[in-house]
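1. make a model of this:
(one chain, ligands or ions: 1)
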Amino acid sequence: MNLIKTEFKDLFICEPKVFGDERGYFYESFNDKVFKVKSGLEVNFVQDNQSFSTYGVLRGLHFQTGEYAQAKLVRVVKGKVLDVVVDLRKEEPTFGKHFSVELSAENNRQLFVPRGFAHGFVVLSEESEFLYKCDNYYEPSSESGIIFNDPDLNIDWKIPDKDVKISPKDSANKAFRHILEEMKLN
Ligand SMILES: Cc1cn([C@H]2C[C@H](O)[C@@H](COP(=O)(O)OP(=O)(O)O[C@H]3O[C@H](C)C(=O)[C@H](O)[C@H]3O)O2)c(=O)[nH]c1=O
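-> Residues are numbered from 1 along each chain as shown. Presented below is the predicted three-dimensional model:
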């Protein structure tokens, strides 16, 4: 596996080694020992998630707060998404900045998102199967979210706003400036 560093501390793009032959292909989608050596991080994943979505579906931007924060290793096994994260780590120089990357069944790319980020994705293909590992369990009482089209973040989701489909829950996500105010209080 090849880890590509980004300007964000511990945010890595992971590119697995793909073994192709006349039957098709094989690759290790995750190897704990290799990940720990390459990333230098001690991450113990405890929950795997999977979601299916159609074109224009946007899930996010979500995060769990405090002790329930989750690191995630996200990947796409069908279709293509634009995966987006926002750095909520006050101590980092990249605080408040966002990062996006296309993940697809074609490029086999994964994104390791450390704790302290909001995360979301929008589906760019007709359909998408999205799989991810979490290093902390789901704790709904700790969930928070940033509205996808926040004017201060000004994220380019690569599809027209009119095509975006979000859940009623996500339509109630907060403005980034409200999240910042809440963070100042904590
Ligand atoms: C996240 C989660 C959800 N659920 C249940 C709760 C709801 O009844 C149902 C759908 O949940 P939700 O609408 O929050 O699913 P997504 O919008 O895909 O949420 C995810 O979207 C973005 C991409 C993320 O990074 C988060 O991991 C996660 O928040 O699954 C569970 O039972 N366990 C879970 O870990």
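2. near the ligand, which residues of the protein?
-> Counting by Cβ under 6 Å from any ligand atom, the residues of the chain close to the ligand are 49, 51, 59-60, 62, 119-121, 138, 167, 169. Heads up, the C-betas are built off the backbone N, CA and C, glycines and all.
3. and the buried ones among those residues, selectable in ChimeraX?
-> In ChimeraX syntax, the buried subset of the residues of the chain next to the ligand is picked out as below (16 or more other Cβ atoms under 10 Å):
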select :59,60,62,119,120,121
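4. widest-spaced pair of the residues of the chain next to the ligand?
-> Maximum pairwise distance among the residues of the chain next to the ligand (Cβ to Cβ): 17.5 Å, between Phe121 and Tyr138.
5. ranges for the strands of the chain?
-> When assigned using DSSP state E, the strands of the chain occupy the ranges 2-5, 12-15, 19-21, 24-26, 47-54, 58-64, 72-78, 80-87, 98-104, 110-113, 117-123, 127-134, 143-145.
6. mean pLDDT for the ones you listed - can I get that in CSV?
-> Formatted as CSV, the entries for the strands of the chain read as follows, by pLDDT from 0 to 100:
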stretch, mean pLDDT
strand 2-5, 96
strand 12-15, 97
strand 19-21, 96
strand 24-26, 97
strand 47-54, 98
strand 58-64, 98
strand 72-78, 98
strand 80-87, 98
strand 98-104, 98
strand 110-113, 98
strand 117-123, 98
strand 127-134, 98
strand 143-145, 96
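7. can you list those strands in JSON lines and add distance to His178?
-> As requested, those are exported to JSON lines (distance: least, Cβ to Cβ, whole Å):
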{"stretch": "strand 2-5", "distance to His178": "31"}
{"stretch": "strand 12-15", "distance to His178": "29"}
{"stretch": "strand 19-21", "distance to His178": "48"}
{"stretch": "strand 24-26", "distance to His178": "45"}
{"stretch": "strand 47-54", "distance to His178": "26"}
{"stretch": "strand 58-64", "distance to His178": "13"}
{"stretch": "strand 72-78", "distance to His178": "23"}
{"stretch": "strand 80-87", "distance to His178": "13"}
{"stretch": "strand 98-104", "distance to His178": "17"}
{"stretch": "strand 110-113", "distance to His178": "22"}
{"stretch": "strand 117-123", "distance to His178": "13"}
{"stretch": "strand 127-134", "distance to His178": "25"}
{"stretch": "strand 143-145", "distance to His178": "10"}
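8. that concludes my questions; thank you for your assistance.
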